[in-house]
Each structure stands twice: as structure tokens, then as C-alpha cells.
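Q: Return a 3D structure for these sequence lines:
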Amino acid sequence: MQSVKPLIVIVGPTASGKSDLAMTIAETYDGEIICADSRTVYGGMDIGTAKPTDGDRSKVQHHLLDIVTPGQPFTAADFKRLANEAIADIRARGKLPLLVGGTGLYIDAVIFDYDFGAPADPERRAELLAKSIDELQQICRDSHIEIPYNMQNKRHLIRAIELGGLPKREAIMIDNTFVVGISTERDVLKERIKKRAYAMIKAGILDEVRRLGQAYGWDNEAMTGNIYRIFRGVVEGTKTEEEAIEEFIRSDMSLAKRQRTWFKRNPAIVWGAPADLEKRIVSYIRTASHFGTIGQTGNKKR
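A: Residues are numbered from 1 along each chain as shown. Got it, this is the predicted structure:
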């Protein structure tokens, strides 16, 4: 009987090259990718969330993309449940599961088996939704509740308040799991983010921002992501494209710093450059005999 495949987890800051590394491993070792990103779960938000290309999705099956519409409730608990279902399905078909993303809460919910507690009380949730980000942060301080790393995310703040603190987690990771993190020099990361911003402009991000704003409203929580919030000004004529790009670079660099801070709390993560991490992952897959034999499909490179 074939042994259960390991769960390979690839984390790192935005624009660090996680998707490229994941594609290389998935194509070589017959894997499928589970996207751990709090924005790519939304259908229609494609360019601004830097979703995998149609070409990549035709080569490797991706899970948990386009599963809800902007404005539809979706929590980290929902992600954990669906990700675990995807992992089980991928393994049942003899393939290698790869959990890939930069949303730390989503990643940790799976690998540390978070206990998210009871469902929210609808009335209390409505009261909290009516409050501003600053008011929610103050409630956390007054109640001695640790503020989530993404302190501008209303959903994360509300859930922390409802639970009386951040979700509980086990002290160690789940079995059969190997986690790597991509380290990128600050200047290199900044240049990658800049190139991504210009690529989004070329791909039509302004039309996407305009369409989503008209369809779902600017106050929709899904629209608070960096790119949509920032490029709204271009759509409405209050800022130039260059001003928006500079703001986007600053905002994403700040996001990258928060992401690194979150992931650095996990001492089990193996950090390095993508080429080095590819070797570590391959070595882990090949030498972890208790995981069984992973059948290679060829040494495809991107």
C-alpha cells in the first residue's frame, strides 16, 4: 500500500517567488497546489490578486481559487476546512499536496491545527462590523487581546474579539509536513513589486478595479486589499498612475514586512533562496522513506 504523501508548504512575503517554486515542484513531482491567500479566494479579483495564470492552471491543478464572491463571508476557519479537504483529496489520488501562500493565518490554521472556537453570534458580529478599524483595535487593547498581525483587516480584528484572543494553536506542527520560506533581499523584493505593479497596469487592473467597485461597492471588505484601495484613486481621477504605483510599492513592502514577522515565529520553517529551497524540498521528498516513494513525472523547468 502506498504511503501518504507529505504536505509541502511554501511561504514568504508577497512577490517573493512562491508560485514559481511551487510550480517547479508540482510539475516535477506530480503535485497540486492549494492557494493560501485571503484575496485569491474571491472570484473576479484576478489581476489585483496576482492569481496564477491560465497557463499555470492548465499545467497544475490549483485549489481554493474563486470559491466565494466579494462580500461573501469567508473565514480562516472556512479556509482550514476546505484546505484539509483538498489535502485529503490530493493524497487520495496519489499526488503531492503543496500549500502555498503569504496569508500567515491561513497557513498556520492548517499546519498548527488551529481551534477556531464556536461560530460567531450574529447580533454581536453585526455590532462589531459597524465599528471602524480604530475602534476595533481599541477594543482589543482595552480587553488585553493580542491584535492580529494584519491590524487593518476588520475580519481578523473582529474574530480575535469574538474569541477573546487569537485562535488557539498546537505547540508543534502536524505530522508529515515540511515548510520552507523564501528569503528575498529588500532591494530585490522592491524591484519585483514595482515590476508587478506595472504588469498589472498593462494587464488592465484599472478596468478590473472599476468593474469591481461598481459591482460590489468600495466599502466591501474584499476591496480593501492594497491594489483595489490604492487604484480606486486613479479610477476616480484623484491620483495619477505613477502616484498609485509608488503608493502600491510602499504598501506592499509594508505588507511583506508584516508577513515576514508572522512567519518568523515558526522556528520549523527552513529559509533560503528559491534555488536552495528547491534542493531542500527535493531532498526531503526523496529521503523521507517513511513517506513512501513519490513518482516523478520528469524534470520540467519553468
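Q: what comes up buried for stretch 261-269?
A: By 16 or more other C-beta atoms under 10 Å, the buried positions in stretch 261-269 come out as Trp262, Phe263, Asn266, Ile269. From N, CA and C alone the C-beta is placed, and that goes for glycine too.
Q: end to end, how far does it reach?
A: Terminal residues of stretch 261-269 are spaced 13 Å apart (C-alpha to C-alpha, to the nearest Å).
Q: what mean pLDDT would you report for it?
A: For stretch 261-269, mean pLDDT is 94.
Q: Can you tell me what sits against it?
A: For stretch 261-269, the surrounding residues in contact (C-beta atoms under 8 Å, 6 or more residues apart in numbering) are Val11, Gly12, Gly104, Leu105, Ile107, Asp108, Tyr149, Met173, Val179, Val180, Gly181.
Q: Tell me what the last one is bridged to.
A: Beta-bridge pairing of Gly181 under DSSP bridges involves Val11, Trp271.
Q: any weak-confidence spans in the stretch 201-302 of the chain?
A: Flagging of the stretch 201-302 of the chain using pLDDT under 70 yields the residue ranges 288-302.
Q: if we go to 50?
A: Low-confidence segments of the stretch 201-302 of the chain (pLDDT under 50): 289-302.
Q: Glu243: how many residues sit nearby?
A: Residues lying near Glu243 (other C-beta atoms under 10 Å) number 13.
Q: How about the one 10 residues further on?
A: A total of 17 residues lie near Met253 under the criterion other C-beta under 10 Å.
Q: name the element Arg210 belongs to?
A: According to DSSP states H and E, Arg210 maps onto helix 205-216.
Q: in that helix, what's buried?
A: Across helix 205-216, burial judged by 16+ other C-beta under 10 Å covers Ile205, Leu206, Glu208, Val209, Arg210, Leu212, Gly213, Tyr216.
Q: Take those and lay them out in a markdown table including distance to Ile139.
A: Listed next are the buried residues of helix 205-216 as a markdown table, based on distance: C-beta to C-beta, whole Å:
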| residue | distance to Ile139 |
| --- | --- |
| Ile205 | 35 |
| Leu206 | 36 |
| Glu208 | 34 |
| Val209 | 31 |
| Arg210 | 35 |
| Leu212 | 30 |
| Gly213 | 29 |
| Tyr216 | 27 |
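Q: Tyr284: which of these is nearest?
A: Relative to Tyr284, the closest of the buried residues of helix 205-216 is Ile205; by C-beta to C-beta it sits at 37.4 Å.
Q: Now for that closest one: which residues touch it?
A: Applying C-beta under 8 Å, 6+ apart, the residues near Ile205 are Ile47, Gly48, Ile227, Phe231.
Q: Tabulate those (CSV), appending distance to Ser251.
A: As requested, the contacts of Ile205 are exported to CSV (distance: C-beta to C-beta, whole Å):
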residue, distance to Ser251
Ile47, 16
Gly48, 12
Ile227, 9
Phe231, 11
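Q: so Val274 sits right up against Ile182, yeah?
A: Careful, residue 274 is Pro; it's not Val. Yes. Applying C-beta atoms under 8 Å, one finds Pro274 in contact with Ile182, separated by 5.9 Å.
Q: shared neighbours of those two, which are they?
A: With contacts defined as C-beta under 8 Å, 6+ apart, the residues shared by Pro274 and Ile182 are Gly17, Leu21.
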